[in-house]
Every structure is written in C-alpha cells, then in structure tokens.
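In: Below is the sequence, then the predicted model.
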2 protein chains.
Amino acid sequence: MRLLLVEDDTLLAQGLVRSLQKEGYSVDHAATLAQAEHLLSPENTELVVLDLGLPDGDGMSLLRKIRRKKWPIGVIILTARDRVEDKIEGLDLGADDYLPKPFEPKELFARLRVVSRRGKLVTSSALAVGDIEMDMASHTVEVNGESLNLPRKEFMLLKALMENVGRVLSKEQLENKLYQWGEELGSNAIEVHIHHLRKKLPENTIKTLRGIGYVMGKK
Amino acid sequence: MRLLLVEDDTLLAQGLVRSLQKEGYSVDHAATLAQAEHLLSPENTELVVLDLGLPDGDGMSLLRKIRRKKWPIGVIILTARDRVEDKIEGLDLGADDYLPKPFEPKELFARLRVVSRRGKLVTSSALAVGDIEMDMASHTVEVNGESLNLPRKEFMLLKALMENVGRVLSKEQLENKLYQWGEELGSNAIEVHIHHLRKKLPENTIKTLRGIGYVMGKK
DNA sequence: TGCGAATATTAAGTGAAACTTAAGAGGTAC
DNA sequence: GTACCTCTTAAGTTTCACTTAATATTCGCA
C-alpha cells in the first residue's frame, strides 16, 4: 500500500511522512508537482495526499490527470481553511475527500482509512531467500512451509541479512540496523541473536566471516 | 433523483429545501424520525441528508436500518462539530460522508455530488474468518453458530483485526481505528479490550507479538 | 602445535510489555 | 431514582525479549 504525499512545506511533510509510516504506509514524498508526476505510479500508488499550493503549479492538474486516466487511486486534498472554492472544485474533479489546514494527523489517518476502504487493495510485502520466506505484514517467517514466530530483534536481524543476500554485513552494520543510534551496545548481543537465529533456521544459512561479519548465502 | 432531508431545525431546513431544489433535487423534508421513516422510500429515495439530533430519537437508527436492509441509498450525516463520536460511529455504520455544522450549502452540494456519483453505494457486508462471522449491518458476531453480543469498542476492535487477517496491527494503529482524532488514550484501554475479547472468542484467535502488535491468524 | 583473538554457547538477571483485576465514571433504560 | 452496561484508569502481577556476563570453542597465524 503505497501513498504519495505531495506537500512543499518541508517541516510538515517530514512529520507526516514519519507518522504515516508508523501507520503502516509506504510513503513517497514529493515537494513539487514535477516530482509528484515522476513518483506517481499507477500500479503501485494507492493514495495521494495532495497539497494544492505548490511552487511549480497547481496540484489540481495532478488530480485531473489521475481521474482522466481512470487510475484506481484515492486522492485527498489539503487546503487552507478559507479556500472553499478550491474544495468544491476539488470534489467535483473527483477528489475523494479534502482536509482543511491545519489538521490533526489523526484526522488525516481516519479519512485515509475511509478512502482506502473502498479500494481494498492488499499488498503484503514479502521477501524470499532459498527456503526462507519472510512476510512483513504478518511478521512471520516460513521455512519449508513451517512458520516461525521470531522475536523483534531476531526478525530485524534476519530481515537485514535477507535484504543483503550475498553481501557481508559487519557487526557494526547490523547494530546500526537494530538499534537507534542512541544506545551503545556494551556486549555481544548481536552474536547471541545470531546464535538464536541459527537454532531456528536450516544449517549454514548464516555464515560467519571471522573478523569481517556475517552473510547469508545467495542460493 | 429524490432526496430526503431529515432536520428538525425548521429555519435551517426551509433554507436547505429551497436551495436543494434549486440544485435540481426533489426534496422531501422530515422534522422527526417518525416522519423520516414514513417518507423514506427504498425505491425512490436516493440520498438522505441526516441530522442526528432529532426530537423523537437518534437519527443513527435510520442509517442502521438503511444499511441493514441494503437499500442503495447514499447517506450524509450532519453533526455539530463537537460530537466527534457520532461522526465516527456514523462512518462505521456505513455513512458515505458527514458534514460538521455549521457548513456552507455549497459544500453540502459538492458532497452530494460525490456521493451520488459513486452510484453503487457501499453496502456494509459480512466478514468471516475461521469460525467467526461478523455482520456489520446488524452489528452482530457469530462464533460457531452462537451469537455474541459485543460492546461497541470490542466490536470495532474485532472488526479491525478481521479486516486485516494475517497483518499485524500495532496498538497505535488500533487506537487510531477506535478513537480517531477525538481523544488521546492515556492508558491501556486497548489491552483491556483485547483481554475481554479473548475471553469471548476461541483460544488463540488473537495473537500477541510483543513490542509489535496483535494479529489474527490467517488460517 | 600452541597462543591469542574472535566467535559460540549457556545461563541468569533485568526491565519493559502485556495481562489481569477491579474500581469508578458516565451513560441509558426502566 | 435505581439498576445495568460500557468504557477508562490504575495498580498489581506475570511473562518474555533482550542484555549481560561468564565460560567454552573455534580459527588464523606464527
């Protein structure tokens, strides 16, 4: 479920991107109309949150394009509170909803939910290496049809390795993936997690390169 | 295209009737719930503009009835700005839109156009996962043929989980589904509701992923 | 072959997350 | 008004993921 946020106010956009991600959306962000056109992908984009006041043109044209091409994309318009005319034009052009600025993020989420309820496109991102399949949505890992329930850190670790099949990841790199760059690890936590993972996975799934790091084999 | 306006504020109603007629609608006007029930005609009425605060009962019951009977009628709810709960419940019962009072007539017209453009209206349907069956319209849940009467919040929670079978929902996501932008939860309400739900459902229906969220199993 | 460093293995301890329970506020129906 | 239902809070308890630390093992290199 991909969402395109078109908003030129950098500060606002940053905050929104973060909280939208927390809500489970994969978010693309465009600050200009040109960028938006570029990032918009009819197959993958499911929702567009569209600010109208853009530096390089009127956001409405993007909406018009989406509707003309009949792409199955939900569009929510953001407008300043007083531009009633815009709202109406927007709704008539086929926006699914609009939201006057300023708004509560929660309200945006609620409206997004209403809009996407119609489309109901289910995309669960999955990752597979050899006999190991990982499903982000359900947070499960399947090995030869048997499903494992991995704790958070182990899941992240395995994900990092699977996303980098055939590439060696140093312990430092792995640490950075698992921990916010807030806390220092004073111990061998990574090694312990690797150990736990190995007990649950087929043999030789994770190889050690002494002094270098860990890899998952390509085949 | 027949439109039923349910609004007890006579002054407001008169104004609306006139301007809606100018917009090209045939308008029926009901000032009470009883009148509304009487005027509502499944074959002819296409849109209902529904004020919730009525002298002789809750307008929501009308909406519920329309959805339960699966009549193809679009419903837009009017509410005072502060009755947030109403809006949410309304949308969950299948209202197509709501409009906070006070509003611009132009805005109502725009939304009416959006709703009637959709034509085939979203009728809330049934949902089944494993032995659990949920009927949105009548707000009931059946487990192995036995029917449960779930309180509103528990129902919503279960609905959220059932609509996302196999997908993990964080507590944050669930909170947003249940509470929208009205209230901040300062507590463990979600956990408590989950607890109550589990006592009523078959074992292992809802799984906990520590630090991540909750899932309902796919199989 | 033997030594040191890197990694593996265990087991225990800690803290945070989730569970459980119960009390009380607010609403509704009778 | 009273009784009931629902929801939120809060406190106490339990559970479990994660870290830590202590010990064992392996590996590379002389």
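Out: That came in fine, so what should we check first? Residues are numbered from 1 along each chain as shown, chains lettered A, B, ... in the order given.

In: Show me what from chain A comes close to DNA strand C.
Out: Residues of chain A lying close to DNA strand C (CB under 7 Å from any atom of the strand) are A:171, A:188, A:191-192, A:194-195, A:198, A:208-213. Every C-beta, even on glycine, is put in place using the N, C-alpha and C of the backbone.

In: Most neighbours out of those, which is it?
Out: A:Ile194 (20 neighbours; other CB atoms under 10 Å in any protein chain shown).

In: still on that earlier bit, mind checking which of the residues of chain A next to DNA strand C land in helices?
Out: A:Lys171, A:Glu191, A:Val192, A:Ile194, A:His195, A:Arg198 (DSSP state H).

In: quick check, nearest of these to DNA strand D?
Out: Of all these, DNA strand D sits closest to A:Val192, with 4.2 Å by CB to the nearest atom of the strand.

In: Identify the residues contacting A:Ser138.
Out: Taking CB atoms under 8 Å, 6 or more residues apart in numbering or on different chains, we find A:Ser138 in contact with A:Ser124, B:Gly166, B:Arg167, B:Val168, B:Val215, B:Lys218.

In: Could you do A:Phe103 as well?
Out: Counted by CB under 8 Å, 6+ apart, A:Phe103 has contacts A:Leu78.

In: Sticking with it, tell me its helix or strand.
Out: Following DSSP states H and E, there is no helix or strand that holds A:Phe103.

In: Setting the sequence-adjacent residues aside, check what's closest to the residue nearest the centre of chain A.
Out: Computing the C-alpha centroid of chain A and ranking residues by CA atoms, centre = their mean puts A:Ser26 first, at 2.3 Å. Leaving out its chain neighbours, the residue that sits closest to A:Ser26 by CB to CB, 6 or more residues apart in numbering or on different chains is A:Arg2, at 5.0 Å.

In: was I right about that neighbour contacting A:Pro42?
Out: No - here A:Arg2 does not reach A:Pro42: they are 10.9 Å apart, not a contact under CB atoms under 8 Å.

In: Just give the nearest non-adjacent residue to the residue of chain A found nearest DNA strand C, would you?
Out: Relative to DNA strand C, the nearest point of chain A is A:Thr208 (3.6 Å; CB to the nearest atom of the strand). Setting aside the residues directly before and after it, A:Thr208 is nearest to A:Tyr214 in space (CB to CB, 6+ apart), at 6.0 Å.

In: mind listing the helices for chain A?
Out: A:10-22, A:33-39, A:60-68, A:84-93, A:105-119, A:152-163, A:171-178, A:189-200.

In: closest to B:Ala128 out of those?
Out: Nearest to B:Ala128, of all the helices of chain A, is helix A:105-119, at 17.7 Å by CB to CB.

In: what are the bridge partners for A:Ala30, then?
Out: Beta-bridge partners recorded for A:Ala30 (DSSP bridges): A:Val6.

In: picking up where we left off before, tally of neighbours for the residue nearest to A:Ser26?
Out: Neighbours of A:Arg2 (other CB under 10 Å): 19.

In: Pull the contacting residues for it.
Out: A:Tyr25, A:Ser26, A:Val27, A:Asp28, A:Ser41, A:Asn44, A:Thr45, A:Glu46, A:Leu47, A:Thr123.

In: again, 7 Å this time
Out: A:Ser26, A:Asp28, A:Asn44, A:Thr45, A:Glu46 (CB atoms under 7 Å, 6 or more residues apart in numbering or on different chains).

In: my guess is the second one meets A:Leu4, correct?
Out: By that I understand A:Asp28. Yes - applying CB atoms under 7 Å, one finds A:Asp28 in contact with A:Leu4, separated by 4.8 Å.

In: Looking at the two, which one has more neighbours?
Out: Neighbour tally, A:Asp28 and A:Leu4, criterion other CB under 10 Å: the higher count belongs to A:Leu4, 25 against 20.

In: Domains in chain A, by residue range?
Out: Chain A breaks down by automatic domain parsing into domains covering A:2-119, A:126-216.

In: Out of those, which gets the lowest mean score?
Out: For those, mean pLDDT drops lowest on domain A:2-119, to a mean of 79.

In: is DNA strand D contacted by that one?
Out: No - against DNA strand D, domain A:2-119 shows no contacts by CB under 7 Å from any atom of the strand, the least distance being 14.0 Å.

In: for that domain, the distance to its chain's centre please.
Out: From the chain centre to the centre of domain A:2-119 is a distance of 16 Å (CA atoms, centre = their mean, to the nearest Å).
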